[in-house]
Each structure stands twice: as structure tokens, then as C-alpha cells.
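Chemist: Sequence and predicted structure below; questions after.
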Protein chains: 2
Amino acid sequence: MQLTDPERSTELLWRAGARRGLSLERIVRAAVELADAEDLAAVSMRSLAERLGFTTMALYRHVRGKAELVALMRDEVMGGWDSAADPSAAGGWRAELEAWARRGLALHQRHPWLAESEDARHVPGPNAVAVFERALGAVADTGLPPAQVVAAVNLLGGFVDSAARQSAAALRARRRTGVSDEEWWRGRDSLFARLDRYPTLSRLYREGAYEAPPDPFDFGLQRVLDGIDTLIRDEKRDENVCRVCGAPVSAATSGRPRDYCSRACQQRAYRARKGGGGSGGGPRP
Amino acid sequence: MQLTDPERSTELLWRAGARRGLSLERIVRAAVELADAEDLAAVSMRSLAERLGFTTMALYRHVRGKAELVALMRDEVMGGWDSAADPSAAGGWRAELEAWARRGLALHQRHPWLAESEDARHVPGPNAVAVFERALGAVADTGLPPAQVVAAVNLLGGFVDSAARQSAAALRARRRTGVSDEEWWRGRDSLFARLDRYPTLSRLYREGAYEAPPDPFDFGLQRVLDGIDTLIRDEKRDENVCRVCGAPVSAATSGRPRDYCSRACQQRAYRARKGGGGSGGGPRP
DNA sequence: GAACCCCTGTCTACGGTGTACACATTGGGT
DNA sequence: ACCCAATGTGTACACCGTAGACAGGGGTTC
């Protein structure tokens, strides 16, 4: 179960109008429907083929394997991330980024299998890149060095993923067992009985830490945004930070303060100004 | 592949000295070794049994199924989270929490399959709870309301997980294909060629955003800690926040400012002072 | 018109997974 | 000495992803 040929993936994901093709479209759409209705585990090549009225192996004429199918499913669905987005996008970076994250969570809730389907080295499809681009746009003009803009967006994306994964796992468990989260934990008395030897935990528990818990997504989102906020503020306050990579810059002993941490970063900025591209690792949305 | 009987899981995970039992210990240890050396996918009941010199079904005399085995593996390994921790633990909540997170990442790097093995409604074992307890202890005395202490620790734990998952996925891909991340991305020219229509992304790329990227874990860790930090500061500054759940409290029109957002939370605090327990959802480490 | 070929779909088969169930063995308590 | 429960074994089932050989059919070329 691996994508052996990234070149092919790139072509598939990025092919032009042909996306409204004959049958691949139908396969991917059916797979998404099936995964939405049941589970990612319910999407087997056999069940999917049966649902479409074909033989199992017929799918392999359009898709190289299961991994590729999942990649196509992912990008198909990624188109819905920004679907409900306000294109005007006013309100400053924080409001924009918050809305972006909330739309991401909503998408994950519409397609709970998304979080499960993560795997490294997916070729990002056009929809995924569009999502990434939009988030970058929100933070691009905050004065943060480019590398930190990307890092901040990646951090927030990772947070959304992580939160979505937890809520998806809870949903999956609820579907399977028919028991809600609260019910299940309430039944764990034999576990709680053993938690006395953990003083802090039981003290917090006694003080009601678990009675009116804040929504984990809202809570985490505000913390992460706060973290990015202080980064931006710090950036604005003192400028002795490299304009390219954001590393601290040793204060110049005399004369004008330095803009770059090293000769290498200075060179990078120069090349960027000249409009040439660079080399090195690519984007990882 | 599910834990049908949480009661049994609780007993297994929490049984006393019996942990140095006969064969279950050996099974779990061998499974961990196998997963460390290869992959979680390499731990099949057949391969594991063969490695131990028994039949496949022999394992089922000691373990109810694969899901239970994985749960036991998880808790076995969780014992190593705080193994290299300084018990004195000075340095304030931030240093403590940062060290905690770094130990977590290190653990995940020693056992890259940990991130894969996540599933909801694991009965937390004693080791997992100890890890949780330690993190709670770091933030417990910051003046944060109990619910927020728990939420903060959960947030940081989720972050560690998320970061570990990404690095584990990258490692897995490298192992499988023998190609490093940088190499792989460098070969994706046909992808980069299509990124021109995304102005922000390509501008940031030209400006060197991908040439000297900060370590994603370090970056994210500082942001999250900053976020928690501002929460603590805000908490200290103005006290018009509920002492139990942290929700904002409407300012009293006259007299002494309110401590609780509602009669319910006031009651909870009273019960906590009296030493009684509460009801409701349990801890989710 | 005939021959060709490629594209698509089908069929069979292989090696892998988790695990249910019936049977053999064995060791300890009565 | 007996019995029983615990432990290990063997076989079998229902899945999974997919490799490989084969059949039909439509468009292109002679």
C-alpha cells in the first residue's frame, strides 16, 4: 500500500479539465460517499467495486492501487475546505486564520476519515495547495519572516488535524459500540478507583476540572493563535532577528543593525529580490 | 480489531506485581521489540508468534486480541517517557513543560509506531497516567482554573503527538523507499512547475521560506507554550473569570467581585473544598 | 472491407491479515 | 489416582490488496 510513482500521482491530481472524466471521477466520488457513510475501513476495493457494479480488478484500470485512491479522495474533498469561505476576507490575520481553522474542522467533521488517511509524502493536489495558499495569505503580511509564516501555518494545520483526529476517533468508537464518550468514561469506575495515588490529578478532579471542560478545539485554537500573536508582536518590537529565517541576530557592535543572521541568508534575500528561485526542500502542506 | 471489554483491559493494565508474569510480559516485550525494529505493520499475530517460537493461536491464551496487545504495548513503552526526567523538577512551569514535551518527542522517536497506534477509548495504563500527572503537576500551581490546567496539558500532549506522527510518517517513508525527504521533494519538479498560480506561496518560496526552515517541533512548542503563557498572564491580571471553568464572569454591579460564573460552579467548588468527588466525564490522557 | 492493436473489464489465484473453534497435552489440587 | 482447568496446537473462515492471463470491442490503418 504505497504510492510507487509520485510522477503519476502528480499528473493525476493536477490534470486539467479532464477531471470530469469518465470513470475515475465516479470511482473517487463513490469511495468518498462510502467512506462518509461508514468508515475508511469500509472502503475496500471489493466493496467499492460491488457498489459500482463492476469487478474488483476493474478499478485497477483507473487507479494504480489503494494508496492512490485515497490520495485522490483526499484532494477531492479538500475542495470543500474553503467552499464556505468569505472571499473578501477582512478582519486581520487572526480572524482569518481562526475562520480557516474552523472551516478545516468542519470539513473533517463532514469527512471523519480524513484524519485517518494521513500519510507522508502525499503529492499535494491543487485543492490542498489552495487551502495552504489561503492560510499563507492570512499571515503573509504580518511582518513575519517567510520561513516563520510557513511554520505558523503548518503548526495551525497540524493542530486542526490533531483535533480532528481525536474527534474522529471518538465518533468511530461511538458508531462501533453505540456508547457515547461520557457514558463510556462513566463506566470506568474500576479505573477511577486507582487514581488516588496521583495527587495532582485527583485534586484537580475533585476541584471540578472534568465537570465543565472547555471545548478542546476552541481552547487549543486560541492558545495557538495567541502563540502566533506573541511571535508577531515580538517580531515588531525588536528587529534584531534575521529577515529570512527568523533566527536571532547578534547585535552589531557599531553602525547600522544587521538584517540577516548570516551571509547565507543575506544571499537568499538578494536572490529573492532578483526574482530567481531557490533550491531545497519544497512545501509540505 | 477492538477492545470489547474495557473492564478486562483495566484489570490487565493495572494489575499489581503480577506484571512480571509468565508469558504475557514476554509477548508484549517481543511485540515492542519487533515494532521498534520494523514497523507496527510488521507486528502480526503470526510473525510475533513465530518470533516467540509458538503457534499463532497460543497468543490468544494471553491476549484477547490485537487491539488489546497494542494497548499493552503502548503502556509498556509509556514508562520511558519520564525515565530521564530530573525528579527535582525546578525551573518553573514553562521549563518543566518544555522538558516534558521534549521527553515525549524523544520517546516517540525511540518507538516510531507509537503515533500510529493511537485509538480512542484506550483505558489509560498506570504509566500513561503517570505521564499525565507529571505534566499536570507542572501547570497546577500557575493559578489557572482546574479545567484549563487539564485543557492546557491535553493541548500540549496533542501537539507532541501530532509532531511525532509527522516525523514518524517521514521516517516510515524513508525506510520503505530509501529516499530521504529532501531528495524526494527535490524530485517533484513537475509539481513545483504548477505552483505559479498561487501568488503567496510562490512569493514566500522565492523569499527563501524553504531554505532555512525552523525545526517544526521547536517552533510549534514555543508557540504553544507562549499561548499558555498569555493565558496564565491574562488570568493573573484580571480575576473576573470563573475559578472553576474559566469562563468569563459578568462583573458584579456592586460589592465584592464574583468568583464563579454560575451557581453550579460555585457548588462544585464547595463540594471540592469538602473533599467529595464529582460525576461526569473522566480524564482523557 | 479486413487486419490490427489498445483500452477496458473479467476471472482466477496468491499471499497476507485477525480470529473462531475443536482437539491434545499437561500440571496441580483434591 | 483422579479430575479439571489452563495452556498450546491445528484447521478453517472471511476478509484484504493485487498480480497475471484472458475476452470483447471500438478506432486506426492498410
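Modeler: Arrived safely.
Chemist: helix/strand/coil for the residue positioned nearest the centre of chain A?
Modeler: Centre of chain A computed as the mean C-alpha position; nearest residue by CA atoms, centre = their mean is A:Gly157, 3.6 Å away. Under the three-state scheme (DSSP: H, G, I helix; E, B strand; the rest coil), the conformation of A:Gly157 reads as helix.
Chemist: Just the pLDDT for A:Pro285.
Modeler: Reading off the confidence values, A:Pro285 has pLDDT 47.
Chemist: Now do the buried residues in stretch A:25-35.
Modeler: A:Ile27, A:Val28, A:Ala30, A:Ala31, A:Val32, A:Leu34, A:Ala35 (16 or more other CB atoms under 10 Å in any protein chain shown). In short, each C-beta sits where N, CA and C put it, glycine included.
Chemist: check contacts around the last one.
Modeler: Put plainly, it is A:Ala35. Each residue near A:Ala35 by CB atoms under 8 Å, 6 or more residues apart in numbering or on different chains is listed here: A:Ala42, A:Val43, A:Met73, A:His111, A:Trp113.
Chemist: How about the fourth one: what's its closest non-neighbour residue?
Modeler: Put plainly, it is A:His111. By the measure of CB to CB, 6 or more residues apart in numbering or on different chains, the closest residue to A:His111 outside its immediate chain neighbours is A:Val77, 5.2 Å from it.
Chemist: which ones are touching the one you found?
Modeler: So A:Val77 contacts A:Val32, A:Leu107, A:His111, A:Leu114, A:Asn127 (CB under 8 Å, 6+ apart).
Chemist: Would the helix or strand hosting A:Glu33 count as contacting DNA strand C?
Modeler: Using DSSP states H and E, A:Glu33 maps to helix A:24-37. No: judged by CB under 7 Å from any atom of the strand, helix A:24-37 and DNA strand C are separated, with a smallest distance of 9.1 Å.
Chemist: what about that helix, distance to the chain center?
Modeler: Taking CA atoms, centre = their mean, to the nearest Å, one finds the center of helix A:24-37 at 21 Å from the center of the full chain.
Chemist: Mind checking what helix or strand follows that helix in sequence?
Modeler: Scanning the chain past helix A:24-37 towards its C-terminal end, the next helix or strand to appear is helix A:45-52 (assignment: DSSP H and E).
Chemist: Quick check: buried residues in that following helix?
Modeler: Buried residues in helix A:45-52, defined by neighbour count with 16+ other CB under 10 Å: A:Met45, A:Leu48, A:Ala49, A:Leu52.
Chemist: Contacts for stretch A:124-132 next, please.
Modeler: Outside of stretch A:124-132, the residues within contact range by CB under 8 Å, 6+ apart are A:13-14, A:71-72, A:74-79, A:81-82, A:104, A:122, A:153, A:157, A:283, A:285, B:191, B:194-195, B:198, B:201.
Chemist: Can you give me the neighbour number for the residue nearest to A:Glu133 when sequence neighbours are not counted?
Modeler: On the basis of CB to CB, 6+ apart, the spatially nearest residue to A:Glu133 that is not a chain neighbour turns out to be B:Tyr198, at 4.2 Å. When counting by other CB atoms under 10 Å in any protein chain shown, one arrives at 20 neighbours for B:Tyr198.
Chemist: how close does B:Tyr198 get to A:Pro124?
Modeler: Here the distance between B:Tyr198 and A:Pro124 works out to 11 Å (CB to CB, to the nearest Å).
Chemist: can you tell me how far the closest residue to A:Met45 other than its chain neighbours sits from chain B?
Modeler: By the measure of CB to CB, 6+ apart, the closest residue to A:Met45 outside its immediate chain neighbours is A:Thr56, 5.2 Å from it. Taken as CB to the nearest CB, to the nearest Å, the spacing of A:Thr56 relative to chain B amounts to 22 Å.
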